[in-house]
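Engineer: sharing a model that was predicted from the sequence below.
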Amino acid sequence: MSAQHAETRPPLIPQPPTTRDALREAVKQIALARLPEFDRDLGEAFDQAIQLSSITPMRLFLEKWATLVAIERHPEQAGMMREAERTISDPSAPEAAFRQAQAVVTRILDTASEEAGVALR
């Protein structure tokens with residue numbers, strides 16, 4: 001079963017445009033606890049952009065958060081992602097479970113990046 005077909009409910013919100021304000025509003029709606037992380041990442045990306053004289057840090061910030069929103073707007077998918085991340089970070093997880101969790105993360109990230117309109121690879 002792929003991450004795309006695991007959903008039985010519609011997304012909590014539509015995928016927002018990949019802009020700072022739209023993504024911040026989406027994070028407020030569906031992942032409020034992550035808002036301080038969003039703001040911290042934004043500040044760091046801004047500082048890096050200034051230091052490097054490059055927009056790349058800002059682009060990477062927007063791509064990261066657009067992908068995160070694409071995952072979090074599907075609660076079942078977000079739950080699968082968190083479970084897979086727990087398995088991957090568990091040093092006692094069997095190899096087969098580790099590899100299966102890696103495959104789940106890859107599928108979810110591929111689906112989310114497509115929904116967000118960003119290329120992860």
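Structural biologist: Cool, the structure landed.

Engineer: so which residues of this protein form helices?
Structural biologist: Ranges of helices within the chain are 3-6, 20-30, 35-52, 56-72, 75-89, 95-116, based on DSSP state H.

Engineer: identify all contacting residues around the third one.
Structural biologist: Contact partners of helix 35-52, identified using Cβ atoms under 8 Å, 6 or more residues apart in numbering, comprise 20, 23-24, 27-28, 55-58, 60-61, 64-65. C-beta here means a position set from N, CA and C on the backbone, and glycine is covered the same way.

Engineer: most packed of the helices of the chain?
Structural biologist: helix 56-72 (a mean of 20; mean count of other Cβ atoms under 10 Å).

Engineer: extract the C-alpha set from that helix and format it as CSV.
Structural biologist: Presented in CSV, the C-alpha positions along helix 56-72 are these (Å, rounded to 0.1, in the frame of the first residue of the first chain):
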residue,chain,number,x,y,z
THR,A,56,19.3,29.4,-1.8
PRO,A,57,18.7,29.2,2.0
MET,A,58,15.3,30.9,1.5
ARG,A,59,14.4,28.5,-1.3
LEU,A,60,15.4,25.5,0.8
PHE,A,61,13.4,26.8,3.8
LEU,A,62,10.3,27.2,1.6
GLU,A,63,10.7,23.7,0.1
LYS,A,64,11.2,22.1,3.5
TRP,A,65,8.1,23.7,5.0
ALA,A,66,5.9,23.2,1.9
THR,A,67,6.8,19.5,2.0
LEU,A,68,6.1,19.3,5.8
VAL,A,69,2.7,21.0,5.3
ALA,A,70,1.9,18.5,2.5
ILE,A,71,2.6,15.7,4.9
GLU,A,72,0.8,17.2,7.9
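
Engineer: thank you, goodbye.
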